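Asks: Would you be able to build a 3D model of this:
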Amino acid sequence: MLSISNDSPPTIGDRILTAAADCVLAFGVDRVTLAEIARRAQVSRPTVYRRWPDTRSVLAALLTSRIIGVLDDVPSQGTGREALVERIVTIAERLRRDDVVMSVLRSAPDLAMIYIAERLGTSQQVLLDAVASDIKLAQEEGSVRSGDPRQLAAMCLLISQSTIQSGQIVAPILDADALAVELAHSLNGYLKR
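Replies: Numbers count the residues shown, from 1 in each chain. Sure, this is the predicted structure:
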């Protein structure tokens, strides 16, 4: 979700990422080319190359933009555990409904696997920082157990990320509403004092 204001025209970078999202949805990740991204963004290939070295980098920036956009769209609604869990569950639900994010998870497992099993990406670091900050406030308020906020946030990320990635395999058992309820129970149980 690119945050493009109605007051100003989209930047070239925004246009490129929007074009990349269109390509992912139209062709699947493996068939996205830098040439097609440039064509849809109505810019030259060198214009894209000045910002990103290759298609994979554009797609990584696209995912980061979408994920951080969801985080920005779901602000904290308080300082306690309930507000924290509600925010995490809402972010997870929105990411599960994001066609581009889910397309990458489903059609480019090699790309997704880097951020699932090998290293933390930029968006995951931003999510960790946001959740750790919320956890620290909830600890001070008294509704979250003691412990290093960043470590607790990392576990919340793993629980939520697993739900986002694998929710479809349990859809016959847990529809979207039930999945959200169970994710909230899991996070509440984990964070409770």
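Asks: And residue 53, how far from residue 173?
Replies: As for residue 53, its distance to residue 173 is 43 Å (criterion: Cβ to Cβ, to the nearest Å). In this view, the C-beta of every residue, glycine as well, is placed from N, C-alpha and C.
Asks: Then residue 98?
Replies: Separation of residue 98 from residue 173 (Cβ to Cβ): 23 Å.
Asks: More neighbours: which of those two?
Replies: Counted by other Cβ atoms under 10 Å, residue 98 and residue 173 do not tie: residue 98 has more neighbours, with 20 against 9.
Asks: before we move on, which element is the residue most central in space within the chain in?
Replies: If you average the C-alpha coordinates of the chain and look for the closest C-alpha using Cα atoms, centre = their mean, you land on residue 67, 3.0 Å from that point. Taking DSSP states H and E as the criterion, residue 67 maps to helix 55-73.
Asks: Now the element after that helix, going C-ward?
Replies: Once the chain leaves helix 55-73, the following helix or strand, as judged by DSSP H and E, is helix 81-97.
Asks: which secondary structure elements does whichever helix or strand comes after that next one contact?
Replies: The helix or strand immediately downstream of helix 81-97 is helix 99-107, counting by DSSP H and E. In terms of contacts (3 or more Cβ pairs under 8 Å, 6 or more residues apart in numbering; DSSP states H and E), helix 99-107 is packed against helix 12-27, helix 55-73, helix 109-113, helix 149-166.
Asks: how about 10 Å then?
Replies: helix 12-27, helix 55-73, helix 81-97, helix 109-113, helix 149-166 (3 or more Cβ pairs under 10 Å, 6 or more residues apart in numbering; DSSP states H and E).
Asks: Relative to residue 135, which of those is closest?
Replies: Proximity of the helices and strands packed on helix 99-107 to residue 135 was assessed by Cβ to Cβ; the nearest stretch is helix 149-166, lying at 4.2 Å.
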